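Novice: Kindly generate the corresponding structure for this input.
(one chain, ligands or ions: 1)
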Amino acid sequence: MSDDALSNLLHEDRRFPPPADLAANANVTAETYAAADADFEGFWAEQAKRLSWGTEPTKTLDWSNAPFATWYEDGTLNAAYNCLDRHVEAGNGDKVAFHFVGEPGDTRDITYAELTKEVCQAANALTDLGVEAGDRVAIYLPMIPEAVVAMLACARIGAPHTVVFGGFSADALATRIKDCGVEVVITADGGYRRGSAAALKPAVDEALTECPDVNHVLVIKRTEQETAMTEGRDVWWHDAVGNASPEHTPQNFPAEQPLYIMYTSGSTGQPKGILHTTAGYLVGCAYTHWAAFDLKDDDVFWTAADIGWVTGHSYLVYGPLANGATSVMYEGTPDTPHKGRWWEIIEKYKVTILYCAPTAIRTFMKWGADIPAKFDLSSLRVLGSVGEPINPEAYVWYRTNIGGDKVPVVDTWWQTETGMHMISPMPGVTEGKPGAAMKAVPGVVVDVVNDEGKPVGNGHGGYLVVTKPWPAMLRTIWGDDQRFKDTYWSRFEGVYFAGDGAKKDEDGDIWVLGRVDDVMNVSGHRMSTTEIESALVSHERVAEAAVVGATDETTGQAIVAFVILRAGEGETADDAETIVQTLRNHVAKEISPIAKPRQIMVVEELPKTRSGKIMRRLLRDIAENRELGDVTTLQDSSVMNLIKDNLESSKED
Ligand code: WT7
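Specialist: Okay, the predicted model is just below:
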C-alpha cells in the first residue's frame with residue numbers, strides 16, 4: 001500500500017463545531033492565527049508581555065547559532081515571582097492556587113499568598129543548605145503541594161530542578177542525580193497510593209550510596225511512617241522550611257537561565273536530560289495554557305498528570321501559575337477508594353477544564369459510563385487530551401460521557417522536548433474532528449514531510465517536523481550537545497524532527513500517528529499501530545488495545561494485537577477464541593484485510609509506564625519472543641508473564 005492508501009485508512013466524518021458561547025468569547029480567534037502568520041517574531045514579542053520582567057527584552061529570537069536558540073536573550077526575570085508574588089501584588093493573594101486532594105481524603109486549599117510565603121521560606125532554607133544559582137536540585141516526591149513549593153523555590157534562587165517521578169526506582173534516581181551533578185535532594189517519607197502509604201525515602205538512601213556528591217536531603221513528612229535519617233545529611237523539611245523567614249527578595253536572572261532538566265527515554269538505554277530555560281519556556285507555557293484551554297479568570301483547571309512528567313511541569317505548575325489560575329492537584333489513583341473518584345472531585349470543586357491522557361479515558365470506558373453518570377459534571381467546559389494519539393472512539397466517549405455531548409475536546413500534541421503544546425485545536429475556533437490534533441497552535445510552524453524532507457500533500461503521511469524554533473523548545477540535552485544535534489536536528493536539514501509519524505488529511509488537518517517506530521511496514525504496506533488500535537477499540541467488546549509490528553520472515557513486519565475486553569465479556573476460553581476471530585474480521589472490515597492482525601491476544605492488563613504510556617517496545621519483544629529489556633518502569637511486571645503465557649497459546653499456524 002502506498003502513502004495514498006494511508007489517507008483512506010482513517011475515515012472519520014463526525015464534526016463538532018465550537019459551542020456558540022465559547023466561540024463568542026474565545027481567547028484565540030481566527031485573527032490570532034493571522035497575526036502569528038503575518039509576523040512570527042512580532043507575535044512572540046507580544047506574548048512575552050504576559051510576563052513581568054526585571055529588564056524587558058529588546059530581542060526575541062536569536063537563531064544564528066542553530067540549533068542552539070536563545071529567546072528574549074537580553075531580558076531578565078524571576079520565574080517564581082512571575083508565578084506567585086506578582087499575583088499577590090495585583091490583589092489576588094486570596095485566590096486559590098491549588099485545591100489539593102490527598103488520596104486518603106485530606107484536602108487543603110492553598111492561596112497565592114500562602115504559596116508565595118512557603119516558597120520564600122523554602123528558598124531561604126535551600127540557600128541555608130548552600131544551594132546557589134546554577135546548582136542542581138533533585139526532587140523526588142509524591143503529588144503533594146510541597147512538590148510545587150520545592151520546584152518554585154529552586155526557580156526562585158536560579159537553581160535548576162530535576163524532578164524524578166516518585167514511581168522510579170532507586171537506580172533510575174541515582175542515574176539522574178549523577179548525570180546532572182545534583183548536590184541536594186528533596187523527598188518525603190512516603191506518599192499514598194492505592195489506599196496505602198508507600199515509602200519513598202528508602203529509595204533515596206539506596207540511590208545515594210552511589211552518589212557521594214549529594215550533601216543534603218530535605219525530607220517532607222507526608223505519611224508519618226518510620227523514616228531513617230542520616231545524621232548531618234538529612235534534614236526535616238518542617239524544621240528547615242518551617243523555621244525559615246517568609247521574606248525573600250527574588251533576584252532577576254537572565255532569560256536563558258536553566259530552569260529545569262527533565263529526563264526522558266530515547267532510543268538508547270541512557271535517558272536524555274532535556275534542558276529547559278526560563279523566559280521562553282514560561283512564555284510558551286503561559287500562552288498555550290491560556291490558548292488551548294481558553295482559560296478565563298474563574299476557571300478551575302485540572303491537569304490529572306503527575307508532577308514528575310513534563311505535563312505536570314508545564315500545565316500543573318508553570319503555565320497555570322504564570323497565568324494566576326486556580327488548579328486542582330490530586331495525589332492518588334482514579335480508583336481509590338472508588339472508581340468515581342475523579343468525577344467526585346470535579347463535582348466538588350466545579351472543575352471547568354480537565355486535562356488527561358487517552359489511556360485514562362479508555363480505562364474509564366472499560367469501567368463503564370454509569371460511573372461518571374452518577375456525578376454532576378456540568379461545570380466542565382473544555383476537555384483536553386495528551387500523551388498519545390486519542391482514538392476516535394475514546395474521543396467521542398470522552399465528549400459524550402464526560403462532556404455531556406457539548407464540551408469540546410482538545411487533543412494536544414507536544415513532547416518533553418517541546419515544553420509546550422505544538423499542535424492542538426483551539427476550542428473557540430476549530431471544528432473538532434475525533435482523533436485529529438488538527439493544526440499547529442498560532443505561532444508554531446509544523447509540517448509533515450517525506451523521506452527526502454519534502455512536505456507531503458493533503459491525504460498523505462510522513463514524518464512530523466517543526467520548521468521554526470519556538471520559545472519553550474529544549475535548548476540542549478544536558479551535557480551532550482552532540483546528542484542534541486544528532487537526535488533532533490540531523491534527520492532533516494535545519495528542522496526539528498519529533499520522532500513521530502503523522503498524516504495530513506484531505507483538509508490539511510494533522511493526525512499524529514505515533515512514534516515512527518510504531519508505524520509498521522507489512523509486506524511493503526505502511527500502517528499505523530494507532531489506526532488498528534482504533535479499529536479494535538471501535539468494536540463494542542473491546543476496552544483497550546495495543547498493536548505492535550513484530551518482525552516476520554515473510555511479510556517484514558506482522559501485526560500483533562493485545563486487547564482487553566470489556567468487563568464481563570470473554571470470560572470463558574471458548575468465548576475468547578470466538579472473539580479473536582470476530583475481531584480479526586472486524587479489523588478487516590474497518591480498515592482492510594491487509595490490516596488484519598496476525599495474532600490477537602486477549603489479556604487482563606497492558607504493560608504501562610508509571611505515566612500510563614503503553615510500553616510498545618516490550619510488547620514487540622514479547623511478540624517476537626526476544627529477551628525482555630528493562631522492565632523497571634512497569635507498573636506490574638507480572639503483567640508480562642501473563643501476556644507471555646497468552647502468547648504461547650494464541651499463536652496461529
Ligand atoms: C510523545 C511525547 C506531551 C506530554 C506528555 C508526553 C506522543 C503526545 C500526543 C498527542 C499523539 C502524542 C508522541 C510524542 N504524544 N501527545 N496528542 N497525539 N501522540 O510527553 O513523554 O515526551 O512523549 O508522546 O509520540 O512524541 P513525552
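
Novice: switch to C-alpha atoms for all contacts and neighbour counts from now on
Specialist: Will do.

Novice: Could you list the domains of the chain?
Specialist: As assigned by automatic domain parsing, the chain contains the domains 112-251, 539-650.

Novice: and those domains as TSV, adding distance to Y398, mean pLDDT and mean neighbour count?
Specialist: Shown next, in TSV, are the domains of the chain (distance: least, CA to CA, whole Å; pLDDT from 0 to 100; neighbours: other CA atoms under 10 Å):
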stretch	distance to Y398	mean pLDDT	mean neighbour count
domain 112-251	24	96	20
domain 539-650	14	76	18
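
Novice: Reformat those as a markdown table; add distance to the ligand.
Specialist: Listed next are those as a markdown table, based on distance: least, CA to the nearest ligand atom, whole Å:
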| stretch | distance to the ligand |
| --- | --- |
| domain 112-251 | 12 |
| domain 539-650 | 8 |
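
Novice: TSV for these, including distance to L380?
Specialist: Below are the domains of the chain laid out as TSV (distance: least, CA to CA, whole Å):
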stretch	distance to L380
domain 112-251	23
domain 539-650	23
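
Novice: Give me the contact list for the helix or strand where N585 lies.
Specialist: Per DSSP states H and E: N585 is located in helix 573-590. With contact meaning CA atoms under 8 Å, 6 or more residues apart in numbering, helix 573-590 is reached by 532, 535-536, 539, 570, 593-597, 600-602.

Novice: try 7 Å this time
Specialist: 532, 535-536, 570, 595-597, 600 (CA atoms under 7 Å, 6 or more residues apart in numbering).

Novice: State the phi and psi torsions of G453.
Specialist: Main-chain torsions, G453, degrees, to the nearest 10: phi 80, psi 10.

Novice: Tell me the residues on the stretch 301-450 of the chain that lie near the ligand, please.
Specialist: Taking CA under 6 Å from any ligand atom as the contact definition, the stretch 301-450 of the chain meets the ligand at 310-311, 386-389, 411-416.

Novice: mind redoing it with 8 Å?
Specialist: 309-311, 385-390, 411-417, 419-421, 423-424, 436-437 (CA under 8 Å from any ligand atom).

Novice: Just the CA atoms from the helix holding N585 would do, formatted as CSV, please.
Specialist: Taking Å, rounded to 0.1, in the frame of the first residue of the first chain, the C-alpha atoms of helix 573-590 are listed here in CSV:
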residue,chain,number,x,y,z
ALA,A,573,-11.8,-19.9,26.9
ASP,A,574,-14.3,-20.7,24.2
ASP,A,575,-15.6,-17.2,24.2
ALA,A,576,-12.1,-15.8,23.9
GLU,A,577,-11.4,-17.9,20.8
THR,A,578,-14.6,-16.7,19.1
ILE,A,579,-13.9,-13.1,20.0
VAL,A,580,-10.4,-13.3,18.4
GLN,A,581,-11.9,-14.4,15.1
THR,A,582,-14.6,-11.7,15.3
LEU,A,583,-12.0,-9.0,16.0
ARG,A,584,-9.8,-10.1,13.1
ASN,A,585,-12.7,-9.8,10.8
HIS,A,586,-13.8,-6.6,12.4
VAL,A,587,-10.4,-5.0,11.6
ALA,A,588,-10.5,-6.4,8.1
LYS,A,589,-13.9,-4.8,7.7
GLU,A,590,-13.0,-1.5,9.3
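
Novice: just how off-centre is that helix within its chain?
Specialist: 33 Å (CA atoms, centre = their mean, to the nearest Å).

Novice: So which elements touch whichever helix or strand comes after it?
Specialist: Counting by DSSP H and E, the next helix or strand C-terminal to helix 573-590 is strand 599-602. Other elements packing on strand 599-602 under the criterion 3 or more CA pairs under 7 Å, 6 or more residues apart in numbering; DSSP states H and E are strand 556-565, helix 638-650.

Novice: What residues sit buried inside stretch 485-498?
Specialist: 485, 487-489, 491-492, 495-498 (16 or more other CA atoms under 10 Å).

Novice: Out of these, which sit inside strands?
Specialist: 496-498 (DSSP state E).

Novice: for those, which one is nearest the ligand?
Specialist: A498 (6.0 Å; CA to the nearest ligand atom).

Novice: do you know how far G457 is from K178?
Specialist: G457 sits 46 Å away from K178, taking CA to CA, to the nearest Å as the criterion.

Novice: What sits closest to L295 if chain neighbours are left out?
Specialist: Distances taken as CA to CA, 6 or more residues apart in numbering place H289 nearest to L295, at 7.0 Å, with adjacent residues excluded.

Novice: Give me the three-state assignment for that neighbour.
Specialist: helix (DSSP: H, G, I helix; E, B strand; the rest coil).

Novice: Distance of it relative to V409?
Specialist: 15 Å.

Novice: These two - which one has more neighbours?
Specialist: A direct count of neighbours by other CA atoms under 10 Å for H289 and V409 places V409 higher, at 30 against 23.

Novice: Contact partners for the more buried one?
Specialist: With CA under 7 Å, 6+ apart, V409 has these contacts: 382-384, 399.

Novice: Show the backbone phi and psi for A138.
Specialist: Per degrees, to the nearest 10, the backbone of A138 is at phi -90, psi 140.

Novice: Repeat that for K296.
Specialist: phi -120, psi 160.

Novice: Okay, the nearest residue to it once chain neighbours are set aside and the ligand: tell me how far apart.
Specialist: Using CA to CA, 6+ apart and skipping the chain neighbours, the partner closest in space to K296 is W290 (7.8 Å). Note on W290: its distance to the ligand, by CA to the nearest ligand atom, to the nearest Å, is 17 Å.

Novice: Thanks a lot, catch you later.
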